[in-house]
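Q: Sharing a model that was predicted from the sequence below.
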Amino acid sequence: MGVLVCTGAIMSCTFGMAPSVLDALPDTGVVCPTPAATIMDFAPIVNIPPFGMCFSEANPEVIAATAAALGVLTPMPCVPVTVAPWIPGAPTVLLGGQPALDDLSTCICAWGGLIAIEDPGQFQTTVE
């Protein structure tokens, strides 16, 4: 299991041109120091904001813009289309009845992008 993820975690998408910041809903009641995320925090825009511009050739907006540019790949604004929870999560750690989200989990965008956690939004510190 990796490090548990909180609001403020930095994410990247394989077809996005900029990082994005996870926004976990505070419904679990667990903070670390911000609300802890579960695998169910996958809603587009609500939990997973856009990644700048998208250059996936499966994205209809990119297809249309590329066709208009006579075949020159033309990125368009990202609008994530995530339709399934993060996988695999941390199945042995339940928050509000759902598996916690760890930094080893990924989420799939319908346009083919793999969304991954780059920075979990919290760090373990040791006291000496």
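A: Okay, I see it. Residues are numbered from 1 along each chain as shown.

Q: Need the pLDDT of the closest residue to Ala24 other than its chain neighbours.
A: The shortest distance from Ala24 to any non-neighbouring residue, by CB to CB, 6 or more residues apart in numbering, is to Ala37 (3.6 Å). C-beta coordinates here come from the backbone N, C-alpha and C atoms, glycine included. Per-residue confidence (pLDDT) for Ala37: 94.

Q: Ok, Thr125 next?
A: For Thr125, the model assigns a pLDDT of 45.

Q: now the helices: where do they sit in the protein?
A: For the chain, helices defined by DSSP state H occupy the ranges 60-68.

Q: What are the boundaries of the strands in it?
A: Ranges of strands within the chain are 10-13, 20-21, 53-54, 76-77, 90-95, 98-100, 106-108, 114-119, based on DSSP state E.

Q: Nearest approach to Ala84 belongs to which of these?
A: Across those, Ala84 has its closest neighbour in strand 106-108 (6.5 Å, CB to CB).

Q: The closest one packs against which elements?
A: In terms of contacts (3 or more CB pairs under 8 Å, 6 or more residues apart in numbering; DSSP states H and E), strand 106-108 is packed against strand 114-119.

Q: And Glu57, how close does it get to Ile63?
A: In this view, Glu57 and Ile63 are 7 Å apart by CB to CB, to the nearest Å.

Q: how many neighbours does the residue nearest to Ala24 have?
A: If you count neighbours by other CB atoms under 10 Å, Ala37 ends up with 33.
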